[in-house]
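Peer 1: Following is a predicted model, sequence given first.
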Amino acid sequence: MKVVAFNGSTRTGGNTAIMIEHCFGPLRESGVDCQMIQLASHELHYCQHCLKCREDKRAKCRQVDDSFNELIDTMIEADGVILACPAYFAGVTPELKALIDRTGMVNIAGGFPLARKVGAAIVSGRRAGLVSTFSAINNLFLAINMIVVGSSYWNIGYGLQRGDVENDAEAMATMADLGRNMAWTLEKLVK
């Protein structure tokens with residue numbers, strides 16, 4: 001089994017990555033292969049809403065001058081997908097928004113290859129916008145027939161400076177519970 005996490009933060013090793021790694025712990029203990037992809041290290045354009053993917057019907061985007069088709073292939077090959085992001089002005093980062101929009105379009109057009117895969121959102125931030133960012137990510141999962149896994153609280157953590165989120169004990173416990181819940185769900189679904 002494999003879970004891939006897409007980190008929408010522009011910071012490598014920041015609070016969002018720390019939260020992902022805390023979630024990965026129980027997954028790895030359960031034998032799940034985990035991979036984190038830093039979106040900031042990939043060129044990713046926004047959806048042009050050209051609807052060419054509807055003509056092609058193969059879960060690919062006609063824009064081929066960026067990393068999107070490689071990233072969607074990675075999602076399709078995985079059993080579980082984590083979309084993680086800091087809350088930027090009460091919303092997702094532009095990098096993650098581009099991934100969400102294009103994933104939704106090509107997935108629907110391509111016959112829902114992500115259907116029944118396990119999805120989880122992780123959000124970090126300083127103050128406002130964490131729940132709306134969390135909802136934006138989950139809206140994608142729910143719209144494309146994915147199974148959304150929850151935890152003992154919303155999958156959010158508070159912190160400003162790199163590493164601050166580790167002082168949010170509830171967030172760290174929530175990440176561990178999320179990892180255990182994902183592992184349990186994957187075990188039930190992937191046979």
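Peer 2: Looks like it came in fine.

Peer 1: quick one, helices of this structure?
Peer 2: Assigned by DSSP state H, the helices in the chain fall at 15-29, 52-56, 68-77, 94-109, 130-143, 169-189.

Peer 1: Worst mean pLDDT among the ones you listed?
Peer 2: Of all these, the minimum mean pLDDT falls on helix 52-56 (a mean of 91).

Peer 1: Buried residues in it, which are they?
Peer 2: residue 53 (16 or more other C-beta atoms under 10 Å). C-beta coordinates here come from the backbone N, C-alpha and C atoms, glycine included.

Peer 1: And for stretch 181-191?
Peer 2: Across stretch 181-191, burial judged by 16+ other C-beta under 10 Å covers 181-183, 185-186.

Peer 1: wait, which of these is closest to residue 45?
Peer 2: Among the buried residues of stretch 181-191, residue 182 lies closest to residue 45 (C-beta to C-beta), at 29.7 Å.

Peer 1: contacting residues for that closest one?
Peer 2: By C-beta atoms under 8 Å, 6 or more residues apart in numbering, residue 182 lies in contact with 3, 23, 26-27, 32, 80, 82, 118, 120, 149.

Peer 1: at 6 Å instead, please
Peer 2: Contact analysis of residue 182 by C-beta atoms under 6 Å, 6 or more residues apart in numbering lists 27, 80, 118, 120, 149.

Peer 1: what residues are up against the residue nearest to the third one when sequence neighbours are not counted?
Peer 2: When you say that, I think you mean residue 118. Using C-beta to C-beta, 6 or more residues apart in numbering and skipping residues adjacent in sequence, the residue nearest residue 118 is residue 80, 3.9 Å away. Listed by C-beta under 6 Å, 6+ apart, the contact set of residue 80 reads 3, 118, 182, 186.

Peer 1: Could you measure from the closest residue to residue 183 other than its chain neighbours over to residue 129?
Peer 2: Nearest non-adjacent residue to residue 183, counting by C-beta to C-beta, 6+ apart: residue 30, 3.7 Å away. Residue 30 sits at a distance of 32 Å from residue 129 (criterion: C-beta to C-beta, to the nearest Å).

Peer 1: higher neighbour count, the two?
Peer 2: A direct count of neighbours by other C-beta atoms under 10 Å for residue 30 and residue 129 places residue 129 higher, at 19 against 15.
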